[in-house]
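Student: no sequence on this one, just coordinates:
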């Protein structure tokens, strides 16, 4: 009995190498392990051009055991949980202790012969493997880009001598397309007759899809003299830079509010063109939490233009709009007038902004029909 503790200790020491060999032979990590994109090209996963694939991530594999071993690697790719491919590889040579192998996404998703690995099962033939798993995905990819969704790469590692794979490691791509930026008010597209505006302050409103990781929007306003309104070819290159979102904090406020209003020193009779710019992320420029918004690429809206006036023309239009609204005999609208609210002179219908005589004409047409009125913010 006196020798039993020594025997137990010897047994425990004898088990340590077996545990290391069975469970902790290879370690692996993706860098980065997750990215977010507004746009992902279908050509990103091109098996015929592994070297030309955009670099999205790197898988680092290290032999952390005290012995050399051949590596078994299982690779699985899914889109929104649906399997795109699954393949199993074996290293051609043993990997020495502390030796590291680094593989890019292009080297993981390829059908090219590798000098380092042998394909044991499965494989990847390219975009055809992806388009056939879902009709919506197929339609989007045929247009050149992935739709909203989550692409997940799962890699499992083990030594050839081990019976089971070690816990999987993951690389995740979250895709949320931003879509176009829709300007609402004030103004019309460049090329249309610019409406007159005399609101104080002028309120700029637009609409865009929110993604959760796009973090900034910038407003640009250019001023043009009364005798030289902007055109499609001159709007971005001529005129005077009148206002531009200056700080990152202001830009972050605009991405959530979709509105800007301030008492800017507009000049009577001058034309003003404005545009919204959002940060945008694609495979060449993925989102990361450490990146500053201005380090991203950008998505720009079209230009809207209006003429600022300080005479009574617009005031008369607003007065007639108020009269037409009062003639609707709606208690909620009348209650707003009692509280001191007045129309701003703009009518927005189906995403288009109407002002001046166009707004009055449209409202007259509406008042002649049966309508349901709802008051919102």
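Tutor: Nice, I can see it. Since the structure is predicted, the reported quantities are computational estimates derived from the model, not experimental observations.
Student: what's the burial count for the closest residue in space to residue 87 that isn't next to it in sequence?
Tutor: With sequence-adjacent residues excluded and distances taken as CB to CB, 6 or more residues apart in numbering, residue 87 is closest to residue 122, at 3.5 Å. Backbone N, C-alpha and C define where each C-beta goes, glycine included. Number of residues near residue 122 (other CB atoms under 10 Å) recorded here: 13.
Student: same check, this time on residue 239
Tutor: Neighbours of residue 239 using other CB under 10 Å come to 20.
Student: what do you get for the one 3 residues further on?
Tutor: In terms of burial, residue 242 registers 18 neighbours under the definition other CB under 10 Å.
Student: so what strands line up beside the helix or strand hosting it?
Tutor: Here residue 242 sits within strand 240-244, counting by DSSP states H and E. Its sheet considered, strand 240-244 pairs with strand 217-224 (antiparallel) by DSSP bridges.
Student: pLDDT on the strand it pairs with, on average?
Tutor: For strand 217-224, mean pLDDT is 96.
Student: go on, stretch 348-362?
Tutor: Stretch 348-362 comes out with an average pLDDT of 67.
Student: my guess is residue 248 meets residue 218, correct?
Tutor: No. Using CB atoms under 8 Å, residue 248 is not in contact with residue 218, being 9.9 Å away.
Student: specify which residue of those two has the higher count of neighbours.
Tutor: Counted by other CB under 10 Å, residue 248 and residue 218 do not tie: residue 218 has more neighbours, with 21 against 14.
Student: show me what contacts that one?
Tutor: 244, 245, 251, 254, 276, 277, 278 (CB atoms under 8 Å, 6 or more residues apart in numbering).
Student: separate out the buried members of those.
Tutor: Among the contacts of residue 218, those scoring as buried are 245, 251, 254, 276, 277, 278 (criterion: 16 or more other CB atoms under 10 Å).
Student: what strand or helix carries the last one?
Tutor: Using DSSP H and E, residue 278 maps to strand 271-280.
Student: who are the packing partners of the helix or strand just after that strand?
Tutor: Next in sequence after strand 271-280, counting helices and strands by DSSP H and E, comes strand 297-300. Strand 297-300 sits against strand 271-280, with contacts defined as 3 or more CB pairs under 8 Å, 6 or more residues apart in numbering; DSSP states H and E.
Student: now tell me what touches stretch 199-206 from outside.
Tutor: Stretch 199-206 is contacted from outside by 181-186, 219, 258-264, 266, 274, 276, 301, 308, 344-345, using CB under 8 Å, 6+ apart.
Student: how about 10 Å then?
Tutor: Stretch 199-206 is contacted from outside by 181-187, 197, 217, 219, 221, 243, 254, 257-264, 266, 272, 274-276, 278, 301, 304, 306, 308, 310, 314, 318, 344-346, 348, 353, using CB atoms under 10 Å, 6 or more residues apart in numbering.
Student: what's the closest of the buried ones among the contacts of residue 218 to residue 153?
Tutor: The nearest member of those to residue 153, counting by CB to CB, is residue 278 at 28.1 Å.
Student: flag the shaky bits of the stretch 1-150 of the chain, pLDDT-wise.
Tutor: Applying pLDDT under 70 to the stretch 1-150 of the chain flags the ranges 1-23, 46-52, 111-113, 124-129, 131.
Student: do you have the strands of it handy? List them.
Tutor: Taking DSSP state E, counting those that start in this stretch as the criterion, the stretch 1-150 of the chain contains strands spanning 26-31, 34-37, 58-63, 71-79, 82-91, 100-104, 117-122, 149-159.
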